[in-house]
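**Student:** A structural model of the following input is requested.
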Amino acid sequence: MSVTFDMGGEVALVTGVGGALGSAVANAFLEAGATVCGADVVEPDSEDFQLSDPDRIHFHRGDFTDEDDVSSVVETVVDEHGRLDYLLNIAGTWRGGDPIHETEVDTFDFLFDVNLKTMFLASKHALPHLQETGGAIVSVSARSSLEGGEGDGIYRATKAGVRLLTETIAEENLGTVRANAVMPSVIDTPMNREMMPDSDFEKWVDPADIAATMVFLCSDAASVTSGAAVPVYGEA
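**Tutor:** Below is the predicted model:
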(Lines give C-alpha, C1' and ligand atoms only; values in the text may rest on other atoms or scores of the structure.)
Protein backbone atom coordinates (compact mmCIF):
# COMPACT_ATOMS: atom_id res chain seq x y z
CA MET A 1 0.00 0.00 0.00
CA SER A 2 1.43 3.36 -1.01
CA VAL A 3 0.91 6.38 1.21
CA THR A 4 1.14 10.01 0.21
CA PHE A 5 0.85 13.22 2.23
CA ASP A 6 -0.06 16.72 1.12
CA MET A 7 1.90 19.41 2.93
CA GLY A 8 1.48 22.07 0.28
CA GLY A 9 1.62 25.60 1.68
CA GLU A 10 3.44 24.45 4.82
CA VAL A 11 7.03 25.16 5.85
CA ALA A 12 9.52 22.69 7.34
CA LEU A 13 12.90 23.49 8.87
CA VAL A 14 15.45 20.66 8.81
CA THR A 15 18.60 21.01 10.91
CA GLY A 16 21.67 19.05 9.86
CA VAL A 17 20.24 19.05 6.35
CA GLY A 18 23.58 18.26 4.71
CA GLY A 19 23.97 14.85 6.35
CA ALA A 20 22.68 11.50 5.16
CA LEU A 21 19.54 11.52 7.32
CA GLY A 22 18.99 15.27 6.99
CA SER A 23 19.06 15.07 3.21
CA ALA A 24 16.63 12.15 3.22
CA VAL A 25 14.25 14.09 5.47
CA ALA A 26 14.48 17.16 3.23
CA ASN A 27 13.64 15.03 0.18
CA ALA A 28 10.69 13.39 1.96
CA PHE A 29 9.13 16.72 2.90
CA LEU A 30 9.75 18.09 -0.59
CA GLU A 31 7.93 15.08 -2.02
CA ALA A 32 5.02 15.86 0.33
CA GLY A 33 4.84 19.35 -1.16
CA ALA A 34 6.25 21.34 1.75
CA THR A 35 8.54 24.31 1.42
CA VAL A 36 11.78 23.01 2.93
CA CYS A 37 14.31 25.23 4.66
CA GLY A 38 17.56 23.56 5.63
CA ALA A 39 20.20 24.61 8.12
CA ASP A 40 23.72 23.29 8.53
CA VAL A 41 27.26 24.38 9.36
CA VAL A 42 28.33 22.63 6.15
CA GLU A 43 27.85 24.62 2.95
CA PRO A 44 26.04 23.02 -0.03
CA ASP A 45 29.19 23.25 -2.18
CA SER A 46 31.16 21.12 0.30
CA GLU A 47 31.93 17.49 -0.54
CA ASP A 48 30.46 16.59 2.88
CA PHE A 49 27.03 17.97 1.91
CA GLN A 50 24.98 14.95 0.87
CA LEU A 51 21.74 16.49 -0.43
CA SER A 52 21.87 15.73 -4.14
CA ASP A 53 19.90 18.79 -5.29
CA PRO A 54 20.37 21.58 -2.72
CA ASP A 55 18.78 24.13 -5.06
CA ARG A 56 15.38 22.63 -4.17
CA ILE A 57 15.66 23.83 -0.57
CA HIS A 58 16.09 27.24 1.02
CA PHE A 59 19.50 26.86 2.67
CA HIS A 60 20.57 28.80 5.76
CA ARG A 61 24.06 28.44 7.13
CA GLY A 62 23.96 28.26 10.90
CA ASP A 63 25.77 26.76 13.85
CA PHE A 64 22.87 25.43 15.93
CA THR A 65 25.04 25.23 19.03
CA ASP A 66 25.07 29.06 18.92
CA GLU A 67 21.83 30.67 20.12
CA ASP A 68 22.33 33.81 18.04
CA ASP A 69 22.66 31.70 14.89
CA VAL A 70 19.58 29.67 15.78
CA SER A 71 17.47 32.73 16.48
CA SER A 72 18.62 34.36 13.25
CA VAL A 73 17.86 31.32 11.08
CA VAL A 74 14.41 30.73 12.58
CA GLU A 75 13.41 34.38 12.30
CA THR A 76 14.69 34.55 8.71
CA VAL A 77 12.67 31.47 7.76
CA VAL A 78 9.50 32.97 9.24
CA ASP A 79 10.16 36.40 7.71
CA GLU A 80 10.71 34.88 4.24
CA HIS A 81 7.86 32.37 4.28
CA GLY A 82 5.39 33.83 6.74
CA ARG A 83 5.10 30.74 8.91
CA LEU A 84 6.77 27.64 10.34
CA ASP A 85 4.90 24.35 10.56
CA TYR A 86 7.47 21.64 11.21
CA LEU A 87 10.85 21.43 12.92
CA LEU A 88 12.98 18.37 12.21
CA ASN A 89 15.88 18.18 14.63
CA ILE A 90 18.36 16.03 12.69
CA ALA A 91 21.68 17.67 13.63
CA GLY A 92 23.76 15.18 15.60
CA THR A 93 26.70 12.81 15.58
CA TRP A 94 28.27 9.81 17.31
CA ARG A 95 31.49 9.52 19.26
CA GLY A 96 32.56 6.59 21.39
CA GLY A 97 35.07 3.87 22.03
CA ASP A 98 36.31 4.87 25.48
CA PRO A 99 35.04 4.00 28.97
CA ILE A 100 33.92 6.91 31.13
CA HIS A 101 37.18 7.11 33.11
CA GLU A 102 39.13 7.53 29.86
CA THR A 103 36.71 9.93 28.12
CA GLU A 104 37.98 13.45 27.55
CA VAL A 105 35.78 16.27 28.81
CA ASP A 106 36.01 17.79 25.32
CA THR A 107 34.17 14.73 23.99
CA PHE A 108 31.47 15.21 26.62
CA ASP A 109 31.06 18.89 25.73
CA PHE A 110 31.08 18.19 22.00
CA LEU A 111 28.40 15.50 22.11
CA PHE A 112 26.10 17.43 24.43
CA ASP A 113 26.49 20.50 22.22
CA VAL A 114 25.85 18.77 18.89
CA ASN A 115 23.23 16.23 19.96
CA LEU A 116 21.27 17.93 22.74
CA LYS A 117 21.97 21.65 22.74
CA THR A 118 21.07 21.96 19.05
CA MET A 119 17.75 20.24 19.68
CA PHE A 120 17.04 22.45 22.70
CA LEU A 121 17.90 25.72 20.96
CA ALA A 122 16.07 24.92 17.73
CA SER A 123 12.97 23.86 19.66
CA LYS A 124 13.13 26.89 21.96
CA HIS A 125 13.16 29.37 19.09
CA ALA A 126 10.80 27.47 16.80
CA LEU A 127 8.09 26.85 19.41
CA PRO A 128 6.51 30.34 19.44
CA HIS A 129 5.96 30.05 15.67
CA LEU A 130 4.84 26.41 15.82
CA GLN A 131 2.31 27.39 18.49
CA GLU A 132 0.79 29.82 15.99
CA THR A 133 0.42 27.17 13.27
CA GLY A 134 -0.35 24.17 15.46
CA GLY A 135 2.80 22.57 14.16
CA ALA A 136 5.00 19.64 15.09
CA ILE A 137 8.55 18.79 16.12
CA VAL A 138 10.29 15.51 15.41
CA SER A 139 13.75 14.90 16.87
CA VAL A 140 16.26 12.08 16.63
CA SER A 141 16.94 10.02 19.75
CA ALA A 142 18.48 6.53 19.58
CA ARG A 143 17.67 2.97 20.56
CA SER A 144 20.85 2.93 22.66
CA SER A 145 19.46 5.76 24.81
CA LEU A 146 17.18 3.23 26.53
CA GLU A 147 20.04 1.72 28.54
CA GLY A 148 23.68 2.18 29.45
CA GLY A 149 26.35 0.49 27.43
CA GLU A 150 30.07 0.04 27.14
CA GLY A 151 32.14 2.65 25.37
CA ASP A 152 29.58 5.25 24.27
CA GLY A 153 27.85 6.28 27.48
CA ILE A 154 28.08 10.00 26.71
CA TYR A 155 26.40 9.55 23.34
CA ARG A 156 23.63 7.49 24.96
CA ALA A 157 23.12 10.15 27.62
CA THR A 158 22.70 12.89 25.00
CA LYS A 159 20.11 10.86 23.10
CA ALA A 160 18.27 10.06 26.33
CA GLY A 161 18.19 13.82 26.88
CA VAL A 162 16.62 14.31 23.46
CA ARG A 163 13.91 11.80 24.36
CA LEU A 164 13.18 13.46 27.72
CA LEU A 165 13.09 16.97 26.27
CA THR A 166 10.70 15.66 23.62
CA GLU A 167 8.37 14.38 26.32
CA THR A 168 8.64 17.71 28.16
CA ILE A 169 7.84 19.77 25.06
CA ALA A 170 4.86 17.53 24.34
CA GLU A 171 3.55 17.96 27.88
CA GLU A 172 4.06 21.72 27.89
CA ASN A 173 2.26 22.14 24.55
CA LEU A 174 -0.68 19.76 24.86
CA GLY A 175 -3.28 20.57 22.23
CA THR A 176 -1.00 23.03 20.44
CA VAL A 177 2.32 21.60 19.25
CA ARG A 178 3.01 17.88 18.94
CA ALA A 179 6.53 16.67 19.73
CA ASN A 180 7.83 13.18 19.00
CA ALA A 181 11.17 11.47 18.59
CA VAL A 182 12.39 8.62 16.42
CA MET A 183 14.85 6.05 17.76
CA PRO A 184 17.13 4.55 15.10
CA SER A 185 19.53 1.72 15.79
CA VAL A 186 22.10 1.68 12.97
CA ILE A 187 21.35 3.89 9.96
CA ASP A 188 22.79 2.91 6.59
CA THR A 189 25.03 5.92 6.01
CA PRO A 190 28.45 6.24 4.36
CA MET A 191 30.03 7.11 7.73
CA ASN A 192 28.58 4.03 9.43
CA ARG A 193 29.71 1.78 6.58
CA GLU A 194 33.20 3.22 6.90
CA MET A 195 33.25 2.70 10.68
CA MET A 196 31.79 -0.84 10.52
CA PRO A 197 32.92 -2.29 7.19
CA ASP A 198 32.34 -5.93 8.18
CA SER A 199 28.69 -5.47 9.20
CA ASP A 200 25.64 -6.78 7.36
CA PHE A 201 24.46 -3.57 5.71
CA GLU A 202 21.24 -5.25 4.55
CA LYS A 203 19.96 -5.19 8.13
CA TRP A 204 20.57 -1.47 8.56
CA VAL A 205 17.80 1.08 8.11
CA ASP A 206 17.63 3.22 4.98
CA PRO A 207 17.52 6.95 5.89
CA ALA A 208 14.57 7.34 3.51
CA ASP A 209 12.50 4.94 5.63
CA ILE A 210 13.20 6.96 8.77
CA ALA A 211 12.35 10.15 6.87
CA ALA A 212 9.00 8.66 5.85
CA THR A 213 8.20 7.99 9.52
CA MET A 214 9.04 11.59 10.36
CA VAL A 215 6.68 12.86 7.66
CA PHE A 216 3.94 10.66 9.11
CA LEU A 217 4.57 11.98 12.64
CA CYS A 218 4.14 15.54 11.38
CA SER A 219 1.01 14.73 9.39
CA ASP A 220 -2.65 14.76 10.40
CA ALA A 221 -2.50 10.96 10.36
CA ALA A 222 -0.58 11.20 13.66
CA SER A 223 -2.73 13.94 15.17
CA VAL A 224 -3.23 11.97 18.41
CA THR A 225 0.46 11.12 18.83
CA SER A 226 2.69 13.35 20.94
CA GLY A 227 5.45 12.61 23.42
CA ALA A 228 6.28 9.32 21.73
CA ALA A 229 9.68 7.74 21.12
CA VAL A 230 9.11 5.70 17.97
CA PRO A 231 11.36 2.73 17.19
CA VAL A 232 12.82 2.79 13.67
CA TYR A 233 15.17 -0.15 14.17
CA GLY A 234 14.38 -2.29 11.15
CA GLU A 235 16.42 -5.46 11.64
CA ALA A 236 19.46 -3.67 13.05
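**Student:** ok, residue 121 - contacts?
**Tutor:** Contact partners of residue 121, counting by C-beta atoms under 8 Å, 6 or more residues apart in numbering, are 64-65, 67, 70. Where C-beta positions appear, they are placed from N, C-alpha and C, glycine not excepted.
**Student:** what about burial for those residues, which qualify?
**Tutor:** For these, a burial check counting by 16 or more other C-beta atoms under 10 Å picks out 64-65, 70.
**Student:** of those residues, which belong to strands?
**Tutor:** Using DSSP state E, no member of the buried ones among the contacts of residue 121 falls in strands.
**Student:** got the residues you listed as a markdown table, with distance to residue 163 and pLDDT columns?
**Tutor:** Shown next, in a markdown table, are the buried ones among the contacts of residue 121 (distance: C-beta to C-beta, whole Å; pLDDT from 0 to 100):
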| residue | distance to residue 163 | pLDDT |
| --- | --- | --- |
| 64 | 19 | 98 |
| 65 | 20 | 98 |
| 70 | 21 | 98 |
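**Student:** for residue 226, see how far away the residue most central in space within the chain is.
**Tutor:** Taking C-alpha atoms, centre = their mean, the centroid of the chain lies closest to residue 90, which sits 2.0 Å from it. Counting by C-beta to C-beta, to the nearest Å, the gap from residue 90 to residue 226 is 19 Å.
**Student:** ditto for residue 34
**Tutor:** From residue 34 over to residue 226 the distance is 20 Å, taken as C-beta to C-beta.
**Student:** now for the lengthiest helix in the chain, which elements pack on it?
**Tutor:** Using DSSP state H, we find that the single longest helix of the chain is helix 153-172. Applying 3 or more C-beta pairs under 8 Å, 6 or more residues apart in numbering; DSSP states H and E, one finds that helix 153-172 contacts helix 105-111, helix 118-133, strand 136-140, strand 178-184, strand 229-232.
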